[in-house]
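Colleague: Could you look at this predicted model? Sequence included:
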Protein chains: 2
Amino acid sequence: MTTDPLVIFTPSGKRGHVPVGTPVLTAARQLGVDLDSVCGGRGICSKCQITPSFGEFPKHGVTVSEDALSAWNAVEARYDEKRGLKTGRRLGCQATINSDVVIDVPPESQVHRQVVRKAATARDITMAPATRLYFVEVQEPDMHEPTGDLERLAQALKDQWDIEGVSAPLSVLSRLQTALRKGKWQVTVALHKGHADTEHRVVDIWPGLHEDGIYGLAIDLGSTTIAAHLCDLATGDVKASSGLMNPQIRFGEDLMSRVSYAMMNPGGDVEMTSAVRAAIDDLAKSIAEEAEIDPRLIVEAVFVCNPVMHHLLLGLDPVELGQAPFALATSNSVSLDARDLDLPAINAAARVFLLPCIAGHVGADAAAVALSEAPNKSEDLVLVVDVGTNAEILLGDKRRVLACSSPTGPAFEGAQISSGQRAAPGAIERIEIDPVTKEPRFRVIGSDIWSDEEGFAEATAASGITGICGSGIIEAVAEMRIAGLLDPSGLIGGPAQTGTPRCIPEGRTHSYMIHDASADGGPVITVTQGDIRAIQLAKSALYAGARLLMDEMGTDQVDRVVLAGAFGAHISTKHAMVLGMIPDAPLDKVTSAGNAAGTGARIALCNIDARAEIEETVHKITKVETAIEPKFQEHFVNASAIPNSVDPFPILNSVLDLPNVSFNTGGGDGAEAGGRRRRRRG
Amino acid sequence: MTTDPLVIFTPSGKRGHVPVGTPVLTAARQLGVDLDSVCGGRGICSKCQITPSFGEFPKHGVTVSEDALSAWNAVEARYDEKRGLKTGRRLGCQATINSDVVIDVPPESQVHRQVVRKAATARDITMAPATRLYFVEVQEPDMHEPTGDLERLAQALKDQWDIEGVSAPLSVLSRLQTALRKGKWQVTVALHKGHADTEHRVVDIWPGLHEDGIYGLAIDLGSTTIAAHLCDLATGDVKASSGLMNPQIRFGEDLMSRVSYAMMNPGGDVEMTSAVRAAIDDLAKSIAEEAEIDPRLIVEAVFVCNPVMHHLLLGLDPVELGQAPFALATSNSVSLDARDLDLPAINAAARVFLLPCIAGHVGADAAAVALSEAPNKSEDLVLVVDVGTNAEILLGDKRRVLACSSPTGPAFEGAQISSGQRAAPGAIERIEIDPVTKEPRFRVIGSDIWSDEEGFAEATAASGITGICGSGIIEAVAEMRIAGLLDPSGLIGGPAQTGTPRCIPEGRTHSYMIHDASADGGPVITVTQGDIRAIQLAKSALYAGARLLMDEMGTDQVDRVVLAGAFGAHISTKHAMVLGMIPDAPLDKVTSAGNAAGTGARIALCNIDARAEIEETVHKITKVETAIEPKFQEHFVNASAIPNSVDPFPILNSVLDLPNVSFNTGGGDGAEAGGRRRRRRG
């Protein structure tokens, strides 16, 4: 009695016996091993590359001989010659199994490969995109068995890939005939899977094997900035990232002023919708150009945004969102065609997915943060704060998650700040102030060199030093407080009080000078008293939202804090803490997650199951409405000090000894903001 | 022990016991009685009207007392006052059951009412349209239970109508908020049911109860003419019918010349697509105007057409249809949005359905004829001939159905005929020629008065007498043959041979003068030798197609013939037989079905189940390809005589004694066409 050879796949560990002569790809499919193939085993797509191992494997209890697989064949030789096969690699559809063998499936040959994220706390993304490529051989038409080209394509997908329910929009159908004939009845289709397993839509079709890939956009549509990642839908790789200002800013800097604009100006919502759609289309074009791909290869887009942006993107009147009960036109996720959103740059049949909204004030961006940071799976109590013009705040653990949003205004994104600008080359993003000399050093986006290091001038010659971005202003204010240039009420000291000529009188208040290039006709970059006030308002709103959720949860303390934000990848947790943006917590328990909403969009783009998951999660989240909650106002007005007057911050204080200065001279602006309601607890 | 009252519904005969106080509508629902209601029993839509009967009913074994139902209530009184309730009628949702009662549900109160068709042989249409109206009360938004307006609408439809899977396109979603608030959370929605039971799309929404109905278009898109019926989707009533010439005629009169145009002119297919879509949009506008309805109330359209028109309507290149193997881009039915076809006149979210094509030369129009005439359900062998520029021919019975199409050209529709015109007021549609005097009398569309009757001039003053339509030219040629003005070869005799000055020499041939208004500056309407030749070519093609199917079926004889055609409602079966359009059959077994393709479209519009049915039927039909079948050519060239040279026509001859004249003078045009291949069988 002979036994069929044993084949063991790593890293999955799946094993089984298959008859001699079975192609590795076939064995993998039979054993449920995740081995990719676009061409279905025809030796042309090279996606099924594997690496056989030879020798003794005591762990697996097998010895693999050198001829465990068939010898290289002509297909592999030609492929190697044309495009190069890495040493040791074989094509899984060509190599057949002779005897016991251990076969490794490298990550790039796995359909459901893991996309590893940088942050240690973040979960990896498993690739399972809604849109995938399939190569098929379609039966030629036969006069005596008349069926349409589309019906024969559908039959081929059924026979060769076991895919059912295939349809094609007119834009694809009109190119089907040509593609089939040009490809000699071999074509690659990009298929989008819908809600049901039997719902597949042909998004694009190419003659023969399509080797240029397909791409998706993950878009975080913020009130102030629009940020997009261009992802390879096969590998999950981010090919390019880009952003631009939301052109709706001209209709109102914050959401409520845009709602007012819509309310006051007939057709105002339509105007804002057109503006944002045009900007997104431009962004898609430029990001494709940056990645050097044809924008028509963008076959999917996932959007996350707050409810007002959600409505304005969809062309829905946002007015209801401006007044109680803050009713959304639709709260569930939305699937539609790119053409519904007037995005001519990308594929005409591209599918668009908007994550669900949590409530009238807590949008799809918050849902995306929940998807990315998964507070609902956390063992300890986590506070997730997504910093933006509207902050999304989540608090919870695996038992319960609360969510709210807080109108922080655009200050954290560098807007409404005298020298503020969006995060772009030339913007100051990091800053340190010497507590003794009160002299600043800083770094600008686009260079890793600090301003007091050699080569700084050369490194920044191209971009210049143009302003301060969101993370820069947070650091600047916190550093001023640490250096004793700012008192707890938020008042900037004068040159006499602080001992530095960088504190310049400006009317009845002072500004702190960071950089003066006026001698060369360049900008003067200062932090004014007004800037401090704007940041205080923003951080009070943020803090009040977090506190409100803590009240609702019945807790005074959170186990950890995750700081996120569209352009907040670089928010320094220490400085955020000094500022009092978030409640007191051990510094090592405060982490920065970068653009969590954008990452949530990327997860939904790369993994179709995540879409169903977030729908379910959203239904379970308890929404807290800041706009009608009197406690929110109370927290807000009590939280303007730096750090907050209402929070004792013993943990922070144990690390940092903030100077106990006071520049309050009994009058002027400074006295009111921080001091008025100062009240320490504990 | 008391027994609950017995309620008996007529005409269904459904019966059962219900507790005292049960509303009639509730009882009907519980017993599965087909009683309509749009408002769900709120006493506002009046669709649930019923008629109770009182007295003795020995047949049912009950006695119904006068107070078997509750007394009129305020809702009924108000309704009667405002809009009038027919004597004896009650509102089913208001009247409650006190004791045993017999209740009649009048046809107009049935959801699935029957639409009775005129033709005795035709089956009735059971109303079960894809799009229906539902009135719902939607829960108001609640800040503490945040859900979207759409989600609450979907919940209301689930709770109040047991409807699941509701979605809305952006065009509707953008009007949802206003409609809900204007209607004080009571709205009427038009819901389109998709393929699955859990697939419902909101096509339109109105505040409160929408009382203006919804409508659908059944469109027969022919090569030469486009005919449309506007149907009330609740009652199935045809509110208006209208037609216009297919503007693609300027690119080629027959299908193959349009395919050539597409092949020869880059962008030619796009040009033809735009032309036909614009015409359809115009037709929709004008038919809505005629019916005095808002065209936005047209929420569905069903198209039937031949494969070339099918492709040109959808914007698909028709070139493949011009050459073997005549591959369709898609053969199954097609569902899409009105906007996909650029039909801005009708509802923006209207759904469009195209019936499936049978083969590359046998289109959705043939499928529609099969749906309307149901040869697949026939006990005897039936030949169904749909006369148009392209004739669709079906032959079969419940065991087997064959189908082909035959390129008859546009002559039967009045095109390529010297005095031809489309069927419109002023066109001669009926004609008789006195066999003795050879004088014609005729009737024009728009008047029932014959030309030799009193009042004819007055009756036709408005339209004038403008030309001959398709049915008119068929009668004219046949009458000329019966009157001995035409010999069997199709040659018109001269005045000397025929004894009438109406046979006017024209070059080497003759024309027959029907009407001369030249003295008043009006037209001269004649039948020329060229007209006869055009009709001979058309009828030969038609006959050859029918014969080909008979060959394939292995029969020399059919049991009955159904003549149909877009504008062929008035084709005289006798004259068609004299012409030799169809094989010999007993005259009483030849019936005219009118526009069967258009009726098929109407059936698919009014009954969603018919759509699935025709898909199934189409898959079972055997397709015969005339273009590659040598026997078709043979039948064609042998069939030009009047009646056909190849067919003995004993049945016809037993009824009509056609004059055995011959005008063949040994030369000229006439000798060739009919005489050349003359060959009588039997």
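Modeller: Here it is on my side, so go on.
Colleague: Now the stretch 401-550 of chain A against chain B: closest residue?
Modeller: Closest to chain B within the stretch 401-550 of chain A is A:Ala403: 10.4 Å, counting by C-beta to the nearest C-beta. To be clear about C-beta, it is placed using only N, CA and C from the backbone, and glycine gets the same treatment.
Colleague: before we move on, what about the stretch 351-500 of chain A?
Modeller: A:Ala359 (3.6 Å).
Colleague: in the sheet, who's paired with that residue?
Modeller: A:Val362 (DSSP bridges).
Colleague: got the residues of the stretch 51-200 of chain A near chain B?
Modeller: Residues of the stretch 51-200 of chain A lying close to chain B by C-beta under 8 Å from any C-beta of the partner chain are A:140-144, A:146-151, A:168-170, A:173-174, A:176-178.
Colleague: Give me the buried subset of the residues you listed.
Modeller: Buried members of those, scored by 16 or more other C-beta atoms under 10 Å in any protein chain shown, are A:141, A:143, A:146-151, A:168-170, A:173-174, A:176-177.
Colleague: For those, which two are the farthest from each other?
Modeller: A:Met143 and A:Pro169 (27.6 Å; C-beta to C-beta).
Colleague: Below-threshold pLDDT in the stretch 1-150 of chain A: ranges please.
Modeller: Scanning the stretch 1-150 of chain A for pLDDT under 70 picks out A:1-2, A:116-123.
Colleague: In it, what residue spans correspond to helices?
Modeller: Applying DSSP state H, counting those that start in this stretch to the stretch 1-150 of chain A gives helices spanning A:24-30, A:74-83, A:149-161.
Colleague: Pull out the buried residues from the last one.
Modeller: Going by neighbour count (16+ other C-beta under 10 Å), the buried part of helix A:149-161 is A:Asp149, A:Leu150, A:Glu151, A:Arg152, A:Leu153, A:Ala154, A:Ala156, A:Leu157, A:Gln160, A:Trp161.
Colleague: can you give me how far it is from the chain middle?
Modeller: 36 Å (C-alpha atoms, centre = their mean, to the nearest Å).
Colleague: Contacts made by that helix with the rest, please.
Modeller: Helix A:149-161 has contacts (C-beta atoms under 8 Å, 6 or more residues apart in numbering or on different chains) with A:40, A:134, A:136-139, A:141, A:147, A:163-164, A:166, A:168, A:173, A:176-177, A:180, A:187, A:189, A:191, A:200, A:202, B:327-332.
Colleague: Quick check: nearest residue in space to A:Asp67, chain neighbours excluded?
Modeller: A:Asn98 (5.9 Å; C-beta to C-beta, 6 or more residues apart in numbering or on different chains).
Colleague: Got a quick ChimeraX command for the buried subset of the contacts of helix A:149-161?
Modeller: Typed into ChimeraX, the line below selects the buried ones among the contacts of helix A:149-161, using 16+ other C-beta under 10 Å:
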select /A:40,134,136,137,138,141,147,163,166,168,173,176,177,180,187,189,191,200,202 /B:327,328,329,330,331,332
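Colleague: Inside strands: which ones of the contacts of helix A:149-161?
Modeller: A:Tyr134, A:Val136, A:Glu137, A:Val166, A:Val187, A:Val189, A:Leu191, A:His200, A:Val202 (DSSP state E).
Colleague: just those now: which is nearest A:Leu605?
Modeller: A:Leu191 (15.8 Å).
Colleague: I'd like the distance between the closest residue to the closest one other than its chain neighbours and chain B.
Modeller: Of all residues not flanking A:Leu191 in the chain, A:His200 sits nearest, at 4.9 Å (C-beta to C-beta, 6+ apart). Going from A:His200 to chain B by C-beta to the nearest C-beta, to the nearest Å gives 14 Å.
Colleague: how close does A:His200 get to A:Ser592?
Modeller: 40 Å (C-beta to C-beta, to the nearest Å).
Colleague: Mind putting the buried residues of helix A:149-161 into CSV with distance to B:Ile474?
Modeller: Converted to CSV, those look like this (distance: C-beta to C-beta, whole Å):
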residue, distance to B:Ile474
A:Asp149, 38
A:Leu150, 39
A:Glu151, 38
A:Arg152, 41
A:Leu153, 43
A:Ala154, 43
A:Ala156, 47
A:Leu157, 49
A:Gln160, 52
A:Trp161, 54
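Colleague: taking the residues you listed as a set, which two sit the farthest apart in space?
Modeller: Applying C-beta to C-beta across the buried residues of helix A:149-161, the maximum distance is between A:Asp149 and A:Trp161, 17.4 Å.
Colleague: quick revisit: doesn't the residue of the stretch 401-550 of chain A closest to chain B lie inside a strand?
Modeller: Yes: the assignment for A:Ala403 by DSSP: H, G, I helix; E, B strand; the rest coil puts it in a strand.
Colleague: Could you report the pLDDT at it?
Modeller: Note on A:Ala403: pLDDT of 95.
Colleague: Now for it: which residues touch it?
Modeller: Here A:Ala403 is in contact with A:358-359, A:362, A:366, A:370, A:392-395, A:549, A:621-624 (C-beta under 8 Å, 6+ apart).
Colleague: Can you name the residues bridging to it?
Modeller: With DSSP bridges as the rule, A:Ala403 is bridged to A:Leu394, A:Lys623.
Colleague: now swap in A:Lys193 and tell me
Modeller: A:His200.
Colleague: What's the local residue count around it?
Modeller: Neighbour count of A:Lys193, defined by other C-beta atoms under 10 Å in any protein chain shown: 19.
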